[in-house]
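Asks: Just the structure for this:
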Amino acid sequence: MADTAFIGLGVMGFNMAGHLACEGHQVRVYNRTQGRVKLWLDEFAGEAALTPREAAEGAEMVMCCVGNDDDLRSVLLGDNGAFAAMKKGSILIDHTTASAQAARELSAIAEQRGIEFLDAPVSGGQSGAEAGMLSIAVGGKQEVYARAAPVLEAYGKLVKHMGPVGSGQLTKMVNQICIAGIVQGLAEGLHFAQAAGLDIAAAMEVIGQGAAQSWQQQNRWQSMSEGRFDFGFAVNWMRKDLNFALDEARRNGAQLPLTALVDQFYSQVQAAGGGRWDTSSLITRLKTTID
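Replies: Residues are numbered from 1 along each chain as shown. Take a look at the predicted model:
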């Protein structure tokens with residue numbers, strides 16, 4: 001019998017589930033498109049399930065990493081949803097970047113069934129998932145977090161309890177708010193450097209050793225300068241995440257003027273056909289290709 005289940009074998013979930021299998025867990029996997037399940041089983045040891053309910057049957061912990069709030073409800077609720085099969089005392093760990101409202105809603109439903117719930121969105125991108133070096137912010141009961149944390153360390157370099165249910169999602173919103181501003185600043189810096197006639201590589205080397213250094217600056221300046229965006233975290237996904245943050249800000253009174261502006265910029269990238277481009281494609285708005 002599988003002790004863990006993983007629902008959603010997308011860019012992130014495929015490798016996260018793989019790390020569980022490599023750590024010796026008996027993993028049962030489900031994905032909406034069964035082709036991904038076959039690819040996963042070609043690479044890792046585990047079992048396939050035809051429905052989320054079948055995946056969750058008998059598992060102590062069920063991990064989920066899907067697209068959005070509606071996707072999440074579709075795999076957890078209903079006759080074929082994971083909740084229908086999960087036993088009392090088992091834990092649903094949601095790695096989806098979803099709304100804090102959805103986390104609270106689904107946690108309440110889980111509690112009625114005697115199921116524990118943790119919202120645990122991840123940061124680190126596809127490379128972090130592949131390397132098992134994700135940052136995981138967790139919302140939920142402290143004692144439930146303590147049970148889950150050793151398992152999450154299979155793919156997390158940092159796993160941290162942030163507070164009650166919803167706190168993980170709120171922390172991920174902070175992450176996306178910060179990234180949005182950083183990427184826009186980097187795009188403008190590269191654009192300015194070109195207009196000023198600077199050696200772009202030399203400029204990035206110099207500022208990369210100072211206070212302007214960031215993950216985005218270190219890992220994205222070259223692809224931005226070359227106009228390559230067919231990889232990485234998609235603009236469509238980023239807009240989804242920023243809209244979660246902006247909606248939450250309207251409820252809690254936070255002021256996010258830069259986030260709202262960058263969200264508008266991303267809408268322009270979408271309108272230009274760049275919805276699946278990496279988020280660093282913000283630079284395309286500045287109508288420049290840096291040689």
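
Asks: Can I get the longest strand seen in the chain in PDB? Just the C-alpha atoms.
Replies: In the chain, assigned by DSSP state E, the strand with the most residues is strand 156-163. The C-alpha coordinates for strand 156-163 follow below in PDB (Å, rounded to 0.1, in the frame of the first residue of the first chain):
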ATOM      1  CA  GLY A 156      12.600  21.100   0.200                       C
ATOM      2  CA  LYS A 157      15.900  22.800   1.200                       C
ATOM      3  CA  LEU A 158      13.900  25.000   3.600                       C
ATOM      4  CA  VAL A 159      10.500  24.000   5.000                       C
ATOM      5  CA  LYS A 160       9.000  26.500   7.500                       C
ATOM      6  CA  HIS A 161       5.800  26.800   9.400                       C
ATOM      7  CA  MET A 162       4.300  30.200   8.800                       C
ATOM      8  CA  GLY A 163       1.100  30.100  10.900                       C
END
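
Asks: quick one: average pLDDT of the helix or strand following it?
Replies: Sequence-wise, the next helix or strand downstream of strand 156-163 (DSSP states H and E) is helix 167-195. The average pLDDT within helix 167-195 is 97.

Asks: ok, residues contacting the longest strand of the chain?
Replies: Here strand 156-163 makes contact (CB atoms under 8 Å, 6 or more residues apart in numbering) with 122, 124, 128, 132-140, 142, 145, 149, 152-153, 168, 170-171. The way it works is simple: take the backbone N, C-alpha and C, and place the C-beta from them, glycine included.

Asks: How about stretch 54-61?
Replies: 1-7, 28-30, 49, 62, 82-87, 90-93, 148, 151.

Asks: From the chain's centre, how far out is it? Work that out for me.
Replies: Centroid separation between stretch 54-61 and its chain, computed with CA atoms, centre = their mean, to the nearest Å, is 23 Å.

Asks: Same check on stretch 242-257?
Replies: That offset, for stretch 242-257, works out to 19 Å (CA atoms, centre = their mean).

Asks: for it, which positions count as buried?
Replies: Buried residues in stretch 242-257, counted by 16 or more other CB atoms under 10 Å: 242, 244-246, 248-249, 256.

Asks: Got phi/psi on G273?
Replies: Main-chain torsions, G273, degrees, to the nearest 10: phi 90, psi 10.

Asks: Read off the pLDDT value for it.
Replies: 97.

Asks: And for it, the neighbour number?
Replies: G273 is flanked by 9 other residues according to other CB atoms under 10 Å.

Asks: how about the residue of the chain most remote from its centre, phi and psi?
Replies: Centroid-distance maximum for the chain: G197 at 37.3 Å, with CA atoms, centre = their mean. The phi/psi pair for G197 (degrees, to the nearest 10) reads phi 80, psi 20.

Asks: show me where the stretch 51-200 of the chain has strands.
Replies: In the stretch 51-200 of the chain, the segments counted as strands under DSSP state E, counting those that start in this stretch are 61-64, 91-94, 116-119, 122-123, 134-139, 156-163.

Asks: ok, the fourth one: who's next to it in the sheet?
Replies: In other words, strand 122-123. When sheet partners are counted by DSSP bridges, strand 122-123 sits next to strand 134-139 (antiparallel).

Asks: How about the first one?
Replies: Neighbouring strands of strand 61-64 in its sheet, by DSSP bridges, are strand 4-7 (parallel), strand 91-94 (parallel).

Asks: Report the distance from the last one to the chain centre.
Replies: Here strand 91-94 shows a centroid-to-chain-centroid distance of 15 Å under the convention CA atoms, centre = their mean.

Asks: Same question for the first one.
Replies: How far strand 4-7 lies from its chain's middle: 17 Å, per CA atoms, centre = their mean.

Asks: what's the answer for stretch 108-119, then?
Replies: 21 Å.

Asks: same deal with stretch 92-110?
Replies: Offset of stretch 92-110 from its chain centre (CA atoms, centre = their mean): 14 Å.

Asks: send the alpha carbons of stretch 33-48 over as PDB?
Replies: The C-alpha trace of stretch 33-48 is given here as PDB (Å, rounded to 0.1, in the frame of the first residue of the first chain):
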ATOM      1  CA  THR A  33      -3.300  13.300 -18.600                       C
ATOM      2  CA  GLN A  34      -2.200   9.800 -18.200                       C
ATOM      3  CA  GLY A  35       0.700  10.200 -20.500                       C
ATOM      4  CA  ARG A  36       2.500  12.100 -17.800                       C
ATOM      5  CA  VAL A  37       1.900   9.200 -15.400                       C
ATOM      6  CA  LYS A  38       3.500   6.800 -17.900                       C
ATOM      7  CA  LEU A  39       6.500   9.100 -18.200                       C
ATOM      8  CA  TRP A  40       6.800   9.300 -14.500                       C
ATOM      9  CA  LEU A  41       6.600   5.500 -14.000                       C
ATOM     10  CA  ASP A  42       9.300   5.000 -16.700                       C
ATOM     11  CA  GLU A  43      11.600   7.000 -14.500                       C
ATOM     12  CA  PHE A  44      10.500   6.300 -10.900                       C
ATOM     13  CA  ALA A  45       9.200   3.400  -8.900                       C
ATOM     14  CA  GLY A  46       5.500   3.800  -7.900                       C
ATOM     15  CA  GLU A  47       1.900   3.000  -8.700                       C
ATOM     16  CA  ALA A  48      -0.500   4.700 -11.100                       C
END
